Each structure stands twice: as C-alpha cells, then as structure tokens.
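Engineer: kindly generate the corresponding structure for this input.
(one chain, ligands or ions: 2)
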Amino acid sequence: MLIFHNPVHGKHDGRQEMFRGRLVPCHETPARLEYVLDALRERGIGTLRAPAAPDLDLIRRVHSPRYVDFLQRAWADWIALDPANAELDILPSVWPVRGFRHDISPSNFAARVGLFSFDSGSPLTAGTWEAAAAGAACAIDAARAVSSGHGPRTAMALTRPPGHHAGADFFGGYCFLNNAALAAQALREAGAERVAVLDIDYHHGNGTQSLFYERGDVLTVSVHGDPTTEYPFFLGYADEPGQGAGLGANLNLPLAAGTDFAGWTEALEQGLAAIGRFKPDALVIALGVDTYEGDPISKFKLRSADYLRVGARLARLGLPAVFTMEGGYAVAEVGVNVANVLEGYAG
Ligand code: Q9C
Ligand code: ZN
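Structural biologist: Ligands and ions are numbered 1, 2, ... in the order given. Next comes the predicted model:
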C-alpha cells in the first residue's frame with residue numbers, strides 16, 4: 001500500500017475552537033498524524049511517499065474557484081487588516097442564514113469568512129492553505145496511483161486537516177478541502193466510470209454528500225452518529241436519497257450515540273450491500289477513527305481490535321481503493337486504530 005503523507009500538515013495548527021460555549025484548545029492537532037506515522041513505521045505498514053504539487057485545476061473542478069481564491073488569500077487579507085492579527089487565528093463568527101441575501105459578496109473580512117464557512121470550530125491559520133493544498137495533493141496522487149492499472153490497488157492520503165465536512169464553497173468541521181471528494185473526482189478523470197465513497201467517520205460527511213448529491217456517477221454512503229443529536233446536525237438523515245441524476249446515489253445510515261461494534265457493523269453491511277449493487281470501478285474510504293470508544297467528542301463504542309476487522313471486511317470488496325484520513329481525537333490511540341484498519345486491510 002502506498003501512503004502519501006502530507007509533509008507540511010503541521011503548518012495547519014489552530015490555537016482554539018469554539019466548543020460548548022468556550023474557546024478551548026483545538027481537538028484537531030498535528031500530533032494526531034504523527035501518532036499514525038509512528039504506528040505505521042513501527043509496524044512496517046505501507047510505503048511512504050511525499051505528494052507532488054497540488055493540481056489546482058482539479059481542486060477548482062471540485063471546489064468553487066472563488067472559494068479556492070478566498071482560502072489561498074485569507075491569511076494575507078487577515079494580516080493586512082492589522083499586523084497584530086499574526087498572533088491570532090481566523091475564526092468565523094457570522095453567517096448568511098435564512099432570510100439573508102445570497103447574491104452578494106460583502107467586502108468586510110468577517111462577512112467573507114462567514115460566507116465561506118459553517119461553524120466556529122474551524123480556525124483558519126497562517127499555514128492552513130499550504131497544509132490543505134498539500135493534503136489535497138496526497139488524495140489526488142493516491143487516486144492516480146491506484147488508477148494506473150499496473151500500480152498498487154490501494155493507497156492512502158495520510159493527511160490533515162481532514163476533508164469530509166468541506167463542500168464546494170465552505171469550510172467547517174475542521175475541514176477545508178474535501179480530500180475524499182478530490183480522490184473520487186481524480187479516480188473518475190483517470191478512467192473509473194463509477195466511484196463509491198464510503199464514509200466511516202463518526203460524523204456525517206456532509207461536504208462529500210453535498211458535492212455529489214446530484215451526480216449519478218459517484219455513490220456516497222455514510223455511517224455516522226444520528227444528526228438529531230450529533231454534529232453536523234443539519235444534514236445526514238436517512239431520508240436524503242440524492243437528487244436528479246443523483247437520485248438513489250446517496251445513502252445515510254445514522255446510528256444512535258452509544259452504538260457498539262455489533263450495531264455499527266450491521267449498518268456497515270447495509271452500506272457495503274448498496275456499494276455492491278452500484279458496481280463501482282473504484283472506492284474511496286473516508287476513514288475517521290472517532291468511532292473509537294475513547295474519543296473525547298464522539299459517542300460510538302468501537303475498540304482498537306475492532307479496526308482490524310473493519311479493514312479486513314473492506315478489503316473483501318476487492319476494489320481499487322483510496323483511503324483518506326478524517327477524524328479521530330483520542331490522540332495517542334489514533335495511530336493504533338488507523339494502523340489496525342490498514343493492517344486488517346492488507347491481510
Ligand atoms: N463549534 C471531523 O471529525 N465539533 N470533524 C463541534 C463546533 C465539530 C469533527 C465544534 C466536530 C467536527 C473531521
Ligand atoms: Zn468526525
């Protein structure tokens with residue numbers, strides 16, 4: 001398995017996020033990825049590669065060009081307001097919800113941050129663009145590596161910030177560029193006619209769903225905490241089948257907080273059955289290990305050993321596959337849990 005790891009992930013290093021009424025240290029930290037790298041090296045799993053330069057044209061076919069421009073320039077705009085801002089992160093604070101105009105682009109910086117985001121938990125920092133773009137490159141390169149026909153059948157984009165909450169023109173949920181969606185689009189453009197995205201992060205992959213909601217060539221399946229009580233709350237319900245050409249190409253499998261491995265596996269099997277019926281040429285697995293029992297912000301009950309079985313089950317699909325790295329905040333255990341999925345997958 002080829003593992004494209006983001007050498008500059010540490011440049012995205014948020015100070016604080018708004019969480020339950022307080023500014024608290026970010027859950028999504030550089031240490032998360034270092035634990036994964038350590039676990040993979042220790043156990044000799046995979047071959048590590050650095051990504052090539054990001055394909056900005058492909059990124060702009062998935063995300064809107066004006067959002068990509070915003071992300072690329074946000075830090076310089078923030079510093080231009082006041083050089084002292086260099087000591088602070090950009091944190092969204094105002095959003096155009098129902099009743100506001102959506103046909104205008106205010107020049108005010110806070111307004112523009114709100115226009116392109118959906119929560120106050122995702123600080124945009126000095127190195128966010130650089131880290132996110134290199135992460136996108138990992139996802140695109142992983143997709144191209146499994147598309148070549150004679151190369152490996154499996155690759156991983158080992159990167160942060162994560163991606164599955166980011167949509168065409170918004171960031172949130174610690175995500176800025178949607179790595180899983182970029183991998184799916186890269187697989188399509190490299191010749192796969194049908195691609196399935198299986199999202200097993202604890203949280204619904206709202207960004208990925210919304211990006212492909214009206215497309216019939218990419219099936220999106222997500223197993224996640226029921227949005228009635230769990231983030232991202234406003235999408236991810238069972239009655240979201242897709243629309244237009246995408247009707248029937250989205251499947252949400254929400255589960256109650258507290259669900260254990262047995263209950264989670266039942267939902268996973270439903271998702272895998274839908275993927276089997278779709279007959280994809282390639283698979284993207286948006287892998288979050290915040291389903292772990294010790295995760296500080298999530299409420300499923302998977303144990304570390306369960307991830308070996310998850311990996312083995314996914315491998316049985318027998319498809320060319322790209323893993324992306326999504327959530328998982330029990331920092332020290334993230335490494336063991338991701339390594340277990342990959343070890344189970346490799347057999
Ligand atoms: N103020 C991923 O696992 N928590 N993202 C609420 C909002 C957001 C999780 C904070 C959780 C996002 C990739
Ligand atoms: Zn998550």
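
Engineer: got the phi/psi numbers for residue 261?
Structural biologist: Dihedral angles of residue 261 (phi, psi; degrees, to the nearest 10) stand at phi -60, psi -40.

Engineer: isn't it up against residue 305?
Structural biologist: No: contact between residue 261 and residue 305 fails when scored by CB atoms under 8 Å: they sit 9.2 Å apart. Where C-beta positions appear, they are placed from N, C-alpha and C, glycine not excepted.

Engineer: comparing the two, which residue is more hemmed in?
Structural biologist: Under the criterion of other CB atoms under 10 Å, the comparison of residue 261 against residue 305 puts residue 261 first, with 19 against 12.

Engineer: pLDDT score assigned to the spatially closest residue to the more buried one that is not a sequence neighbour?
Structural biologist: Residue nearest to residue 261 in three dimensions, not counting chain neighbours: residue 306, with 4.6 Å by CB to CB, 6 or more residues apart in numbering. We have a pLDDT of 98 for residue 306.

Engineer: starting at the chain centroid, how far to stretch 337-344?
Structural biologist: Its chain's C-alpha centre and that of stretch 337-344 lie 18 Å apart, by CA atoms, centre = their mean, to the nearest Å.

Engineer: quick one, helices of this protein?
Structural biologist: Taking DSSP state H as the criterion, the chain contains helices spanning 30-43, 56-62, 65-81, 109-115, 128-147, 179-189, 206-212, 261-278, 306-315, 331-346.

Engineer: the residue lying closest to residue 308 once chain neighbours are set aside - how many residues pack around it?
Structural biologist: Excluding the flanking residues, the one nearest residue 308 by CB to CB, 6+ apart is residue 344, at 3.9 Å. Burial of residue 344 is recorded as 19 neighbouring residues (other CB under 10 Å).

Engineer: quick check: the gap between residue 344 and ligand 2.
Structural biologist: Residue 344 is 20 Å from ligand 2, where distance means CB to the ion, to the nearest Å.

Engineer: same question, residue 269
Structural biologist: Distance of residue 269 to ligand 2, computed by CB to the ion: 21 Å.

Engineer: wait, residue 234 touches residue 240, no?
Structural biologist: No: checked against CB under 8 Å, the pair residue 234 and residue 240 is beyond contact range at 11.2 Å.

Engineer: coming back round to it: which ones are touching the residue nearest to residue 308?
Structural biologist: Residues near residue 344 by CB atoms under 8 Å, 6 or more residues apart in numbering: 307-313, 315.

Engineer: between which two of these is the distance greatest?
Structural biologist: By the measure CB to CB, 307 and 315 form the most distant pair in the contacts of residue 344, at 12.7 Å.

Engineer: and the two? Which one has more around it.
Structural biologist: Shown here are residue 307 and residue 315; by other CB under 10 Å, residue 307 has more neighbours (26 against 18).

Engineer: check contacts around the closest residue to that one other than its chain neighbours.
Structural biologist: Closest residue to residue 307 apart from its sequence neighbours, by CB to CB, 6+ apart: residue 340 at 3.7 Å. Residue 340 sits next to 304-305, 307-308, 310-311 when contact means CB under 8 Å, 6+ apart.

Engineer: the protein against ligand 1: which residues are in contact?
Structural biologist: 17-19, 119-121, 162, 165, 173-175, 201, 203, 231, 288, 290, 297, 326-327 (CB under 6 Å from any ligand atom).

Engineer: one more time with 5 Å, if that's ok
Structural biologist: Taking CB under 5 Å from any ligand atom as the measure of proximity, the chain contacts ligand 1 at 18, 119, 121, 162, 173-174, 203, 231, 326-327.

Engineer: okay, those residues in TSV with pLDDT, neighbour count and distance to residue 180 next?
Structural biologist: Below are the residues of the chain next to ligand 1 laid out as TSV (pLDDT from 0 to 100; neighbours: other CB atoms under 10 Å; distance: CB to CB, whole Å):
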residue	pLDDT	neighbour count	distance to residue 180
18	94	16	25
119	97	19	19
121	96	23	20
162	99	31	9
173	98	28	13
174	98	26	14
203	99	28	13
231	98	20	17
326	99	30	8
327	98	28	12
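
Engineer: now distance to residue 193 too, for those, in CSV please.
Structural biologist: Output for the residues of the chain next to ligand 1, formatted as CSV (distance: CB to CB, whole Å):
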residue, distance to residue 193
18, 42
119, 35
121, 37
162, 27
173, 30
174, 32
203, 29
231, 34
326, 26
327, 30
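
Engineer: restricted to strands, list those.
Structural biologist: Secondary structure from DSSP state E places residue 18 of the residues of the chain next to ligand 1 in strands.

Engineer: tell me how far the closest residue to ligand 1 within the stretch 201-347 of the chain lies from residue 97.
Structural biologist: Minimum separation of the stretch 201-347 of the chain from ligand 1 (CB to the nearest ligand atom) falls at residue 327, amounting to 2.4 Å. Distance of residue 327 to residue 97, given as CB to CB, to the nearest Å: 25 Å.

Engineer: quick one: residue 186 from residue 4, how far?
Structural biologist: Distance from residue 186 to residue 4, by CB to CB: 12 Å.

Engineer: between those two, what contacts are shared?
Structural biologist: residue 139.

Engineer: who's in contact with whatever residue of the stretch 151-300 of the chain ends up closest to ligand 2?
Structural biologist: Using CB to the ion, residue 203 is the residue of the stretch 151-300 of the chain that sits closest to ligand 2, at 3.6 Å. The contact partners of residue 203, taken as CB under 8 Å, 6+ apart, are 164-165, 173, 224-225, 230-232, 236, 288, 290, 298, 327.
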